[in-house]
Each structure stands twice: as structure tokens, then as C-alpha cells.
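Asks: generate a structure from the sequence data that follows.
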Amino acid sequence: MIYRSKAPLRIGLAGGGTDVSPYCDLYGGAILNATISLYAYASIELLNEPIIELVAIDRNESEKWPLAAHLPLNGKLDLAKGVYNHLVKEYGQLSQGFRLTTFVDAPAGSGLGTSSTLMVAILGVFAEWLKLPFGEYDMAHTAYEIERIEMKMAGGKQDQYAATFGGVNFMEFYSDDKVIVNPLRVKSKYLYELENNLLLYFTATSRLSSTIIEAQQKNVTDNQKSSIEAMHHLKEQSQMMKEALLKGNIDEIGPILDFGFRYKKQMAQGISNAAMDEIYESALKNGATGGKITGAGGGGFMMFYCPNTTSYRVREALQQFGGILRPYQFTERGLATWSV
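Replies: Purely as a prediction, here's the structure:
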């Protein structure tokens, strides 16, 4: 028997960063995101010997361990180990060896929520095997708890919920880990137009998002007013984006993205840099009306809204920077698990 799962990566359209504690605990956060046709995959094959084999094909990493109550975190394949350790602690020692194989369609540090989405995929494949009674909120919260609390990896809350629920969602974040996911009923023609006009561009660099997020958290803790005010504006941006999408005012999305980009750079140092600013300004000069850095910033993917037929000029202009335009489609479904 083989157990499988896949969970979609996401693009954050508005409100990025307001899902990170302590901001969301103090002021409440709001984010609008959408899942896309890039995925994290996980498979479990049962073995006839008492060993654990972990394989990350995209990272060319693998380890073997005896079937044990705890796997040591050593910076290698830690997400898989973190899930395993949590499940053993909560449900007891597993009685059969297994091989866990993972793959992600985008590199780590790309700003599409890769680590949290992979966490959801790994937790999902174990839930399929062990028949764990997880609802969607249970799945997302457990993935968040393992990654952020037990493993102490800095970051927000949106990625685990996006990967689990899928689709276009307006999410609200409050103190005591309260999260409300509001699925948006956006007309198909509006999503087709957004998909047509929104370019996804990989800058061919990755970054360690935790350092940027930790700086952002410190700014809130230290009551840095300019940083906190910027986050207030990003929360406002999520409402603006929600209204534009639901009403079909798709060409307003470019300026709304630009509004957020200007404020996001004020949240913490390192979110943008000279190279990314040059890419952004080149896109604007060639017809884009706005864009953003996905995720925490500092590298990874960028997005540009190109109305009418300007995307062709923007595509050509971006060639000089050595990045990659990545095709995608919006997806409606979140985590999927099955066995064969």
C-alpha cells in the first residue's frame, strides 16, 4: 500500500505579514491569498523492516533511522522529523517502518509558502495512513503548531491554512491562535482575467525568511510606529483587494498591489533590495501597474499586474534580469490525500 498527498502553494495578494505574531495578537491581521497549480507532494511506502527512511527528492537529501520514539532535529529533513515526533508524542509509537518521500514544485525560500505547505502535505499523508480524524481547521492548526511552536520556526499563520483549504480566501487572524477562513466566491471570469494579467516571476534567488520575519516581530515588540503603521495599511489593503475581486474591478488590482508594495518595505529591513527594486521599476516602465514580492521578501518570487496586453512588454523587459517567468493557474482545492 502507498499513501499519497499533495497540497498547493499560494500567492499572497494582500495583507502579507499581518498574520505574524505579535502583530495579529495585538491588532488582528487580515490576508487575502490564492492557491496555485504548484504543489508539495508526500508519499509513504510501508517497509518490512523497523526503519524510517526520509527522502527529499528535490533537495537530494535522505536519511535512515531505526524506528524510534524521537528523531533528532539537525537541520536536515527537519519538517518530516517534526511531524513524526509530534505524531508519536500524541498517538504513540508507530509499529511499522516506512519510507517518506517528498517533492516541492518551487525551491525553499521562494516566498510561496513552501515549507508550511510541505508541512501540511507531510501531516496529510500521515493522517491518510494512520486514519487520523483531522478536519480542515485541525489540520492547518496542527501544522502551524508543529512548525511554529514545537520547532520554533519563525513565520506567520496563513500558509498552513491556504494549503489546507485551497482556493481564494480572505483570512482573519486574532489572539489565542484564532483564525477564520472566509472562502471568496469570485466569478470565474474575474479569476481568468487576473490569471491572464498577473505574471509570476522567480528572481532566481532564495532567502531565509525567518531573519526578515524576526526583524518584523521585533519592530512590533519595540513599538516601532512606522513599521506598525505600515502593517495597518497592509491590513487595509486586504479589504481593498477583497472588494476589487468580488466586484470584478480587476484592473484596480495593480494599484492596490503597488500600494501594498510601498508599505511592505517599511515593515522591516531586507524585504526588498536594490536588485528587486530595479526589477520592479522596469516592470512598471513597461506597462505593469503594480506588483509585489511574495512571502517575507528578500528574494524568491515577485508578481506584476499587467493590464490589457502589456504583459508581453513586461515579459520582454524582465529577460535582462536572468529570472524565470513561471506559468500557473489558480486552484480551487487544498490538501488532497489518497492511497493506492
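Asks: in the sheet, who's paired with L54?
Replies: E63, L100 (DSSP bridges).
Asks: need the contact list for it.
Replies: 61-65, 77, 80-81, 99-100 (CB atoms under 8 Å, 6 or more residues apart in numbering). The C-beta positions use only the backbone N, C-alpha and C, and glycine is treated the same way.
Asks: and the pLDDT at it?
Replies: Model confidence at L54, expressed as pLDDT, equals 98.
Asks: check K152 too.
Replies: Listed pLDDT for K152 reads 92.
Asks: before we move on, what about the one 3 residues further on?
Replies: With respect to pLDDT, G155 has a value of 86.
Asks: quick check: phi and psi at it.
Replies: Per-residue torsions, G155: phi 160, psi -180 (degrees, to the nearest 10).
Asks: quick check: it touching V20?
Replies: Yes. In terms of CB atoms under 8 Å, G155 counts as a neighbour of V20; the distance is 7.0 Å.
Asks: who has more neighbours, those two?
Replies: When neighbours are counted by other CB atoms under 10 Å, V20 comes out ahead of the other of G155 and V20, with 25 against 22.
Asks: mind telling me what element the closest residue to that one other than its chain neighbours is part of?
Replies: Leaving aside its chain neighbours, V20 sits nearest to G156 (4.2 Å; criterion: CB to CB, 6 or more residues apart in numbering). Secondary structure assigned from DSSP states H and E places G156 in neither a helix nor a strand.
Asks: I'd like the distance between G156 and Y23.
Replies: G156 sits 9 Å away from Y23, going by CB to CB, to the nearest Å.
Asks: overlap of the contact sets of those two?
Replies: Taking CB under 8 Å, 6+ apart as the criterion, G156 and Y23 both touch 17, 29.
Asks: which residue packs closest to the residue sitting nearest the centre point of the chain, ignoring adjacent ones?
Replies: With distances taken as CA atoms, centre = their mean, G113 lies nearest the centre of the chain, 2.0 Å away. Counting by CB to CB, 6+ apart, the nearest residue to G113 once its immediate chain neighbours are dropped is D159, at 3.4 Å.
Asks: how far out from the middle of the chain is stretch 256-265?
Replies: Averaging C-alpha coordinates over stretch 256-265 and over its chain gives two centres that are 18 Å apart (CA atoms, centre = their mean, to the nearest Å).
Asks: tell me which residues in stretch 90-103 are buried?
Replies: Residues 94, 97-103 are the ones in stretch 90-103 that count as buried (16 or more other CB atoms under 10 Å).
Asks: please save the CA atoms from that stretch in CSV.
Replies: This file holds the C-alpha atoms of stretch 90-103, laid out as CSV (Å, rounded to 0.1, in the frame of the first residue of the first chain):
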residue,chain,number,x,y,z
GLU,A,90,0.3,12.4,20.6
TYR,A,91,-0.7,9.0,19.3
GLY,A,92,2.1,6.6,20.4
GLN,A,93,4.9,4.7,18.8
LEU,A,94,4.4,3.5,15.2
SER,A,95,4.6,-0.2,14.8
GLN,A,96,5.8,-0.4,11.2
GLY,A,97,8.8,1.0,9.3
PHE,A,98,8.2,3.3,6.3
ARG,A,99,9.8,5.4,3.6
LEU,A,100,8.6,9.0,3.4
THR,A,101,9.3,10.7,0.0
THR,A,102,8.7,14.4,-0.6
PHE,A,103,9.0,16.8,-3.5
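Asks: roughly how far out does it sit from the chain middle?
Replies: From the chain centre to the centre of stretch 90-103 is a distance of 25 Å (CA atoms, centre = their mean).
Asks: same check, this time on stretch 147-163
Replies: Using CA atoms, centre = their mean, the distance between the centre of stretch 147-163 and that of its chain works out at 9 Å.
Asks: repeat that for stretch 1-18.
Replies: Its chain's average C-alpha position is 6 Å from that of stretch 1-18, according to CA atoms, centre = their mean.
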